[in-house]
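Q: Sequence and predicted structure are below.
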Amino acid sequence: MLPINVIRQNVQEVKERLAVKNFKNPELVDSVIELDDRRKKLQLEFDTTQASVNSASKEIGGLMAKGEKEAAEAKKKEVAELKNKLQPIQEQLSSTEEELQQTLVQLPNLPSTLVPKGTSPEDNEVVREGGVRPTLHAGAKPHWDLIKEYDIVDFETGAKLTGSGFPLYKGRGAKLQRALVQYFLDYNIEAGYTEYLPPFMVNEASAYGTGQLPDKEGQMYHMQADNFYMIPTSEVPVTNIYRDEIVKAEQLPVKMTAYSPCFRREAGSFGKDVRGLNRVHQFEKVEIVQLVHPTKSYEALEEMVAHVERLLTSLELPYRILRLCGGDMSFTSALTYDFEVYSAAQERWLEVSSVSNFEGYQTNRMKIRFKDETGKTQLVHSLNGSSLALPRIVACLLENNQTDTGIQLPKALHSYFGKETIIK
């Protein structure tokens, strides 16, 4: 959520930067100013009336002590009349504050000045590429055929157990999932991240804090009995660990990593782009989250991008890094880099990670603050990144490393998986 003082002090700039995100309702910026003006006026009226009540109430005691009963009774009437005025003012104030809050949450985060203009993924900027695209042998197959041939993922039984888009990993497929999760966590821990295993459901306050609500209700599984939400990413519970807290400046940066299953209702369109593991409703992911000093967040963003890049390099996968344009960014992000790996069998790029700086947008909602050297309370900045999402990583590992006799795994996974090759 954007701080009101930022909007008030930079009205035209806010509108111009929101236009980079192709935001269609710039008039909401003016509505925020008008509602905040009304809130301030009502607050002043309430405070002035309350002060009059307090002052007159004190006078009553003095008048009674002097025996001036008539004057005291008159003052009591005055107090009663003032109190009667307070309630409607309070009701108007509460209503205005609620309307202001509901308007504020409709404004997305402001994009960084580094964000390129654009309306679709085609307008994203390629920052750099790495790795080598493999040349596959004749008869190479896409991963949805390979998983059947090697009997490692069973979509049919997953659909029987739950529904379409819920894969059942089995045997060496399940072991590969476990190996990847363990490797990713160890890699993050070695880089100074503290590991967490969070709840896989969150309450409404947590979903609101990171910006899933009220923007993405349709994408989350909702447990109506308890009003809990299945997490779309461990970013949600992990970032909320520090909700409503003042972090000590010397604690910054706070670096956290977590594994979790992720649950997302949206499954995209039909066709090869969503076949197999390309897009599913439940998948495993390891996340990294940082809470940092506001002057250090873009330095931290570059550090996190380099961290994920080294991880992909260790998996020996061809990759590219994209800087997302305004039209392809999330509601809450100020700047996002996407990582894509090249699927040789599908001959297309698949997204496997997003690394984003949210600046103070999330932490303003969650009230995560710190005290600077002057004692002033400020918002910390929050960042997160996938390190990494497993389904498309698995798809590309299978497709890019297939041979006539088996799937050759990258060296980094040998000790975790226990073997160098998945044999037919």
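A: Cool, the structure landed.

Q: From here on, just use CA atoms for contacts and neighbour counts.
A: Will do.

Q: and the residue nearest to Gln282 when sequence neighbours are not counted, how far is that from Thr49?
A: Distances taken as Cα to Cα, 6 or more residues apart in numbering put Phe263 closest to Gln282, at 4.7 Å, once the chain neighbours are dropped. Separation of Phe263 from Thr49 (Cα to Cα, to the nearest Å) stands at 51 Å.

Q: Assess the claim that Asn124 and Met329 are in contact.
A: No. Proximity of Asn124 to Met329 does not meet the contact threshold set by Cα atoms under 8 Å, at 9.7 Å.

Q: so who does the nearest residue to Ile89 once chain neighbours are set aside touch?
A: Among residues not flanking Ile89 along the chain, Phe46 sits closest, at 6.2 Å (Cα to Cα, 6+ apart). Residues in contact with Phe46 (Cα atoms under 8 Å, 6 or more residues apart in numbering) are 86, 89-90.

Q: Just the ones of those in strands?
A: Per DSSP state E, strands hold no members of these.

Q: which of these lies closest to Lys371?
A: Gln90 (32.0 Å; Cα to Cα).

Q: Excluding chain neighbours, what is closest to that closest one?
A: With sequence-adjacent residues excluded and distances taken as Cα to Cα, 6+ apart, Gln90 is closest to Phe46, at 6.9 Å.

Q: Return the set of buried residues in the helix or strand hosting the one you found.
A: Counting by DSSP states H and E, the element that carries Phe46 is helix 27-65. Buried positions in helix 27-65, judged by neighbour count with 16 or more other Cα atoms under 10 Å: 29, 32-33, 35-36, 38-39, 42-43, 45-46, 49-50, 52-53, 56-57, 59-60, 63.

Q: Off-centre distance for it?
A: Centroid separation between helix 27-65 and its chain, computed with Cα atoms, centre = their mean, to the nearest Å, is 38 Å.

Q: Report the rounded mean pLDDT for it.
A: Average pLDDT, helix 27-65: 91.

Q: Please apply the same query to stretch 352-372.
A: Mean pLDDT, computed over stretch 352-372, is 97.

Q: Figure out the length between the terminal residues of that stretch.
A: Start-to-end, stretch 352-372 (Cα to Cα) is 36 Å.

Q: now stretch 209-217
A: The first-to-last residue distance of stretch 209-217 comes to 14 Å (Cα to Cα).

Q: same deal with stretch 100-117?
A: Taking Cα to Cα, stretch 100-117 runs 29 Å from one end to the other.

Q: what does that stretch contact?
A: Stretch 100-117 is contacted from outside by 1-2, 14, 17-18, 20-21, 28-29, 31-32, 35-36, 123-125, 214, 323-327, 331-335, 358, 361, using Cα under 8 Å, 6+ apart.

Q: so how far is it off the chain centroid?
A: Remark: stretch 100-117 is offset 14 Å from the chain centroid, using Cα atoms, centre = their mean.

Q: now it: mean pLDDT?
A: In this model, stretch 100-117 has an average pLDDT of 97.

Q: start at 10 instead
A: Renumbered: residue one is now 10, and that last one reads stretch 109-126.

Q: Tell me which residues of that stretch come out buried.
A: 109, 113-121, 124-126.

Q: Among the residues you listed, which are located in helices?
A: The helices, defined by DSSP state H, take in 109, 113 from these.

Q: Output the buried residues of stretch 109-126 in a markdown table, with distance to Glu138 appended to each entry.
A: Formatted as a markdown table, those follow (distance: Cα to Cα, whole Å):
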| residue | distance to Glu138 |
| --- | --- |
| Leu109 | 45 |
| Leu113 | 38 |
| Val114 | 36 |
| Gln115 | 36 |
| Leu116 | 34 |
| Pro117 | 30 |
| Asn118 | 28 |
| Leu119 | 28 |
| Pro120 | 24 |
| Ser121 | 23 |
| Val124 | 19 |
| Pro125 | 18 |
| Lys126 | 21 |
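
Q: quick revisit: so who does the residue nearest to Gln291 touch?
A: Contacts of Phe272 (Cα under 8 Å, 6+ apart): 229-230, 239-242, 290-292.

Q: OK, contacts around the residue sitting nearest the centre point of the chain?
A: Nearest to the geometric centre of the chain sits Thr219, at 5.0 Å (Cα atoms, centre = their mean). Thr219 sits next to 244-245, 248-249, 341, 371-372, 374-375 when contact means Cα under 8 Å, 6+ apart.

Q: do Ser396 as well
A: 193, 197, 294-297, 317, 320, 362.

Q: do His423 as well
A: Contacts of His423 by Cα under 8 Å, 6+ apart are Glu429.

Q: so what's it scoring on pLDDT?
A: In this model, His423 is scored at 98, pLDDT.

Q: For Glu429, see how far away it is.
A: His423 is 5 Å from Glu429, by Cα to Cα.

Q: got it, and Leu194?
A: For Leu194, the distance to Glu429 equals 20 Å [Cα to Cα].

Q: Over to Leu397?
A: Applying Cα to Cα to Leu397 and Glu429 gives a distance of 21 Å.

Q: neighbour-wise, which of the two wins?
A: Neighbours per residue (other Cα atoms under 10 Å) separate Leu397 from Glu429, with Leu397 holding more: 25 against 17.
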